[in-house]
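Asks: generate coordinates for the sequence data below:
(chains A and B)
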Amino acid sequence: KAGVTQTPRYLIKTRGQQVTLSCSPISGHRSVSWYQQTPGQGLQFLFEYFSETQRNKGNFPGRFSGRQFSNSRSEMNVSTLELGDSALYLCASRSDRVPTGELFFGEGSRLTVL
Amino acid sequence: KNQVEQSPQSLIILEGKNCTLQCNYTVSPFSNLRWYKQDTGRGPVSLTIMTFSENTKSNGRYTATLDADTKQSSLHITASQLSDSASYICVVSAMNSGYALNFGKGTSLLVTP
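Replies: Numbering: from 1, shown residues only, chains lettered A, B, ... in the order given. Have a look, this model is predicted:
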């Protein structure tokens, strides 16, 4: 069973640009959530999607957005990049049959904003 | 406000020694608590889950405990190995708010030879 796949693994952008990150969940998982991880701040919840609908949202500005497709694949977009957006962005999927089920994380997309 | 506090923030121990990581939470109503291990540059991986009725659960050299009354959990690592060097994250799930997850900031463990 393939794990959670995130692309790209590494990317470098400049301030003001936008970026789109992709996440393919484990087959059969309809819940996909996104997290920002920076040194000292731990994992910060961005949003969760379930069956193409945003189910929960964290406390991030509107520059951060996401969507989920009918095949459960998800994308997140960050517009007008700022230096502080440099971080590891992690995607996780979990089985919706167990709401409190284990999160399965991808390897992450490391974004550097110059 | 639901919060999860982990201590210590970082820890350095010698290979072969034991250590204990702490997680205190104010999440209510409590659903479950998971410990995740995150190796550098990798995504976190679940080590163990604790539900309300469980006090102790082991996964190899990792033993998690839960005191639901005091809202505290610990992760004990026995006979540490170099591969235990990682960040350990405590995640507590609330029974409401769509089972929202509350994350601790993690404890960074370094095991030295």
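Asks: I figured A:S74 hits A:Q68, correct?
Replies: Yes - under the criterion of CB atoms under 8 Å, A:S74 makes contact with A:Q68 at 4.5 Å. Where you see a C-beta, it was placed from the backbone N, CA and C, and this is true even at glycine.
Asks: please enumerate the shared neighbours of the two.
Replies: Listed as contacting both A:S74 and A:Q68 by CB atoms under 8 Å, 6 or more residues apart in numbering or on different chains are A:V32, A:Y49.
Asks: distance from the chain centre to stretch B:62-73, please.
Replies: Remark: stretch B:62-73 is offset 9 Å from the chain centroid, using CA atoms, centre = their mean, to the nearest Å.
Asks: all strands of the chain, in order?
Replies: Picking chain A for this. Ranges of strands within chain A are A:5-7, A:10-13, A:19-24, A:31-38, A:42-50, A:53-57, A:64-68, A:74-78, A:87-94, A:104-105, A:109-113, based on DSSP state E.
Asks: should've been chain B
Replies: With DSSP E, the ranges of strands along chain B come out as B:4-7, B:10-14, B:19-25, B:30-38, B:45-51, B:56-59, B:62-67, B:72-77, B:86-94, B:101-103, B:107-112.
Asks: how about those strands in a markdown table, adding mean neighbour count and distance to A:R94?
Replies: Formatted as a markdown table, the strands of chain B follow (neighbours: other CB atoms under 10 Å in any protein chain shown; distance: least, CB to CB, whole Å):
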| stretch | mean neighbour count | distance to A:R94 |
| --- | --- | --- |
| strand B:4-7 | 18 | 18 |
| strand B:10-14 | 13 | 29 |
| strand B:19-25 | 19 | 20 |
| strand B:30-38 | 22 | 11 |
| strand B:45-51 | 18 | 10 |
| strand B:56-59 | 14 | 19 |
| strand B:62-67 | 18 | 20 |
| strand B:72-77 | 20 | 20 |
| strand B:86-94 | 23 | 11 |
| strand B:101-103 | 21 | 10 |
| strand B:107-112 | 17 | 23 |
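Asks: tell me which of these sits nearest to A:S33.
Replies: Proximity to A:S33 (CB to CB) singles out strand B:101-103 among the strands of chain B, at 8.1 Å.
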